[in-house]
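Undergrad: Based on what follows, work out the 3D shape:
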Amino acid sequence: MKRNEMLAMILAGGRGSRLHDLTNKVAKPAVSYGGKYRIVDFPLSNCANSGVNVVGVLTQYESVLLNSYVAKGETWGLDTKDAGVYVLTPRERADAGLDVYRGTADAITENIDFIDSYNPENLLILSGDHIYKMNYAKMLQYHKEQNAAATIAVMPVTMEEATRFGIMITDENNRITDFEEKPAHPRSTLASMGIYIFDWPKLRELLMTDKDDPNSDHDFGKNIIPTLLANNEKLVAYKFEGYWKDVGTIDSLWEANMDLLKDDNELNLDDPTWKIYTGDTTVLPAYIGPNANINTAYIPQGSHIDGEVDSSVIFTGATVGKGAKIVDSVLMKDVVVEEGAVVTRALVADGVKIGKGAVVGSADSKEILLVAEDVKGVE
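TA: Residues are numbered from 1 along each chain as shown. Below is the predicted model of the structure:
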């Protein structure tokens, strides 16, 4: 892929409010996942594997950790002469007392100078908070073959799930004929994945017009895509086949971690042909003690297990003490579960300590319990 053929912009500035305490001090794309990764590792690794060499990461809320993390382009091999990861923040707007990005489209508009400096033919726009593997080069090839103004990655969801997404209505040739944002009564189940390729000159012109529209939400779903359709521009759906998860809630983040335990796991983090890169962590190998009893678990390096682990995902640096039981749960980085404690159907946040003999969660609970503060043990 030629350097100026396509530039990527990752929208990584969302609040992630439905993840509650997990995003109080950390941006959603920086939340831990799968033992040793962060959510933002996935779009960045996809870019690196797809030959997209220049990536802008647009951050805003609780961005200190995220900014320092993604600025290390070497993690994804994007630190060479012809490649780079660039952190783009709305500092000038904030310093001027203005609101930060007014919407997803406005985030791109405010960084037009950066994009123009590379003069790309096409612009790839990605959400920074989804778990998936995708070859963007194949999507670009499809976009060019279709001679489209915009190509939108979609995948089928259930009719119930469709009410939570932007939904595409297409004809027999995958041309998008209509778009509905979170419809109460969906006419299709093709959900937008928040992955777009736009013809940059056309998008640029539209963004500049949208910028000065006082009635606009400055949003791709609410404004830009409907305007392209109204202008009779060609928009096509790129049907994705594979694993994709919007981890916007505690339950969905727990589910995405638990999916790693499945025999038919489509994500396959051990696939050498499509690596998911992450920051290096210098830790010892996992320690499985003499009292450990493990039945179906995902256990990375740096963890210490001396209790019972059943159908659970353990992150780097987590400790499970003697006689402790972890069932259907996710223990994030550096969690400590002391002797005799029981954790069931829970997601335990980074660094939390579960005291000796404490009981957390329930097998009968319909929702996953988020444990974001230390739990006192039995005296």
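Undergrad: Is the closest residue to Thr296 other than its chain neighbours part of a helix or strand, or is it coil?
TA: Sequence neighbours aside, Ser311 is the residue nearest to Thr296 in space, at 4.9 Å (criterion: Cβ to Cβ, 6 or more residues apart in numbering). Yep, even glycine has a C-beta here, placed from its N, CA and C like the rest. Secondary structure, DSSP: H, G, I helix; E, B strand; the rest coil: Ser311 is strand.
Undergrad: How much space separates Ser311 from Leu261?
TA: Ser311 is 6 Å from Leu261, where distance means Cβ to Cβ, to the nearest Å.
Undergrad: that older thread, list the contacts for the residue nearest to Thr296?
TA: By Cβ atoms under 8 Å, 6 or more residues apart in numbering, the contact list for Ser311 reads Met258, Leu261, Asn295, Thr296, Ala297, Val327, Asp328.
Undergrad: contact partners of the one helix or strand Leu123 maps to?
TA: Using DSSP states H and E, Leu123 sits in strand 122-127. Contacts to strand 122-127, defined as Cβ under 8 Å, 6+ apart, come from residues 5-11, 43, 46-47, 52, 104, 108, 115, 136, 140, 143, 193-200, 203, 220.
Undergrad: Please apply the same query to stretch 316-326.
TA: Contact with stretch 316-326 is made by 35-36, 281, 283, 289, 291-292, 300-310, 312, 314, 331-344, 354, 356, as judged by Cβ under 8 Å, 6+ apart.
Undergrad: which of the contacts of Ser311 lies closest to Lys275?
TA: Lys275 lies nearest to Leu261 out of the contacts of Ser311, by Cβ to Cβ, at 20.4 Å.
Undergrad: Which stretches in the chain count as helices?
TA: Assigned by DSSP state H, the helices in the chain fall at 41-50, 64-70, 91-95, 104-109, 112-116, 136-146, 200-211, 225-230, 250-258.
Undergrad: Among those, which comes closest to Val236?
TA: Among the helices of the chain, the nearest to Val236 by Cβ to Cβ is helix 136-146 (4.7 Å).
Undergrad: measure His304 to Gly35 for me?
TA: From His304 to Gly35 the distance is 14 Å (Cβ to Cβ).
Undergrad: More neighbours: those two, which one.
TA: Regarding His304 and Gly35, a neighbour count based on other Cβ atoms under 10 Å identifies Gly35 as having more, with 25 against 19.
Undergrad: so who does the nearest residue to the more buried one once chain neighbours are set aside touch?
TA: Among residues not flanking Gly35 along the chain, Pro300 sits closest, at 3.7 Å (Cβ to Cβ, 6+ apart). Counting by Cβ under 8 Å, 6+ apart, Pro300 touches Gly35, Lys36, Ala286, Ile314, Phe315, Thr316.
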